[in-house]
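In: coords below, sequence missing:
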């Protein structure tokens, strides 16, 4: 039996959502880099070239001998750099040799981290070890290291490979075990991080030290200081390719209750109290990795690295966004206890993430509750659990830790698509959590909505709360933003023209019209020629960089 005609919009919508969720965010492929012959191979560098030619082929057959050759080459290259710190060929040889040291350590399953490793060479034995650090979490024995130059990276969100020239071997550090304290410390379940290694020689001792290129710009080796080499893109690509978060976007929209545990703030780098937090918030049927092109590009700017650190808020996007905002406020309370911020954070919200961000800089007190229930919470006869859910979502003040918000394609006044046929079908596909269903059944009989508001027989889900006629959307837009907190707006325009007001046809990014994203009082507004994914557009990313640098006082 063929499906009834009315079923086709639902099928088409599911197909579109599935396709958008299945695109590979990042791809990786390992390769074996070859040493480029030195153009001016004279004097000391002649032996370096001899030691490094065909090192990848020899490493499997004779790992210890090849490891010794690589250390000898790095030592010779370091001596040449001591004589001439501007010798690029010596620097490149040093970096390549040290990268192959880590290649051999991984492939041969060697362990120079628990205790020093004796490495024989033609001229004696190296003692390969590492510089001890106070923080036990950065013990190299806890990680597997792969040189970044062994990866080819690509994918939807890793189209630009951001690196920094300098001294050292950029590595991808992957935790051997999952982080047991991930929630307590607001970190990822498993560590995927970019570090840069240098090796210093003192006689026969070869001591490796690790630096975080997001925290350190230079490194001292011998009598000289060099820029620290870095690869900002490959570690993120390995993280995304390994964890495959693209499978989660649609699932978290359709069945938010199943993924309730994924609602959280997480840090993308170690906490630095002297840097401003940039908290990014994703939108509907989305996930934090959609910000990868932006974060990738911003990290390539030294001034951004010096002034900012990046965190994200992830949540099941099937939740009504006032509920997601309530969860975020609880996360911010916990952050304040664990990592008290010295500087107010910058929040970037894309799409529905912008709606959540708006609630962070709005003071409503109990006025919104009173508008909807007609009397204070203590006089409303509903169960304690339902009352707690609604008070958390409807009674709030602005967050004092937020110092600026950047809205990108945010449907702050709603989007007609959410209340149209496609939106109604989409809303019907979202499976409401049992707690929200129960709360909705209790509250729907008590809530008073304006006559022109969309009337529902259940608690609204995420799609419902993006409709212009949703009761919450209509009510919240009557509250001004908190004075003194600057905000900026960025929106997309597909180039089809249209009107900026509600007169049809409306200027739009394909989903959100200009009139919904525009905000009187914005410090700046930029319309970029793109679709709804403007947070990945180069012009929008350039604008975010400008805003951040200006916010940090960098000229």
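Out: Right, received. Where do you want to start? Bear in mind the structure is a predicted one, so any value in this text is a computation, not a measurement. Numbering: from 1, shown residues only.
In: how about residue 164, phi and psi?
Out: With angles defined as degrees, to the nearest 10, residue 164 sits at phi -140, psi 130.
In: typo on my end, residue 211
Out: According to degrees, to the nearest 10, residue 211 has phi -130, psi 150.
In: Mean pLDDT per helix and strand in this protein: which one sits at the bottom?
Out: helix 8-22 (a mean of 43; mean pLDDT, DSSP states H and E).
In: next SSE after it?
Out: Next in sequence after helix 8-22, counting helices and strands by DSSP states H and E, comes strand 27-30.
In: Go through whichever helix or strand comes after that next one and flag the buried ones.
Out: Downstream of strand 27-30, the first helix or strand assigned by DSSP H and E is helix 45-52. For helix 45-52, the neighbour count (16 or more other CB atoms under 10 Å) marks 45, 48-49, 51-52 as buried. All C-beta spots, glycine's among them, are computed from the backbone N, C-alpha and C.
In: Show me the shaky parts of the stretch 1-150 of the chain.
Out: 1-22, 40-43 (pLDDT under 70).
In: switch to 90 and redo it
Out: Scanning the stretch 1-150 of the chain with the threshold set as pLDDT under 90 gives 1-24, 32, 34-61, 121-123, 132-138.
In: Looking at the buried residues of helix 45-52, spot the one nearest residue 523.
Out: Comparing those against residue 523 with CB to CB places residue 52 closest, at 53.2 Å.
In: That closest one and residue 270: what is the separation?
Out: 33 Å (CB to CB, to the nearest Å).
In: And for residue 379?
Out: 48 Å.
In: Between those two, tell me which one has more neighbours.
Out: For residue 379 versus residue 270, the count of surrounding residues by other CB atoms under 10 Å is larger for residue 270: 15 against 8.
In: Could you double-check that that one sits in contact with residue 212?
Out: Yes - counting by CB atoms under 8 Å, residue 212 is a contact partner of residue 270 at 7.0 Å.
In: Are we agreed that residue 406 is in a helix?
Out: No - checked against DSSP: H, G, I helix; E, B strand; the rest coil, residue 406 lies outside a helix; its state is strand.
In: one step back: kindly reformat the buried residues of helix 45-52 as a markdown table containing distance to residue 319.
Out: As requested, the buried residues of helix 45-52 are exported to a markdown table (distance: CB to CB, whole Å):
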| residue | distance to residue 319 |
| --- | --- |
| 45 | 61 |
| 48 | 58 |
| 49 | 60 |
| 51 | 58 |
| 52 | 55 |
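In: Assign a three-state SS to residue 387, would you?
Out: Under three-state DSSP, residue 387 comes out as helix.
In: Report the contact partners of the spatially closest residue to it that is not a sequence neighbour.
Out: Leaving aside its sequence neighbours, residue 387 sits nearest to residue 377 (CB to CB, 6 or more residues apart in numbering; 6.0 Å). Shown in contact with residue 377 (CB atoms under 8 Å, 6 or more residues apart in numbering): 366, 369, 387, 390-391, 395.
In: and what of residue 290?
Out: Residue 290 makes contact with 157, 282-283, 350, 533, 535-536, according to CB under 8 Å, 6+ apart.
In: and those, which two are the farthest apart?
Out: 157 and 283 (14.8 Å).
In: Those two: who's more crowded?
Out: residue 283 (29 against 23).
In: That one: what's its closest spatial neighbour, skipping adjacent residues?
Out: Going by CB to CB, 6+ apart, residue 283 has residue 351 as its nearest residue, at 2.7 Å.
In: what number of residues lie near the one you found?
Out: Around residue 351 there are 30 residues (other CB under 10 Å).
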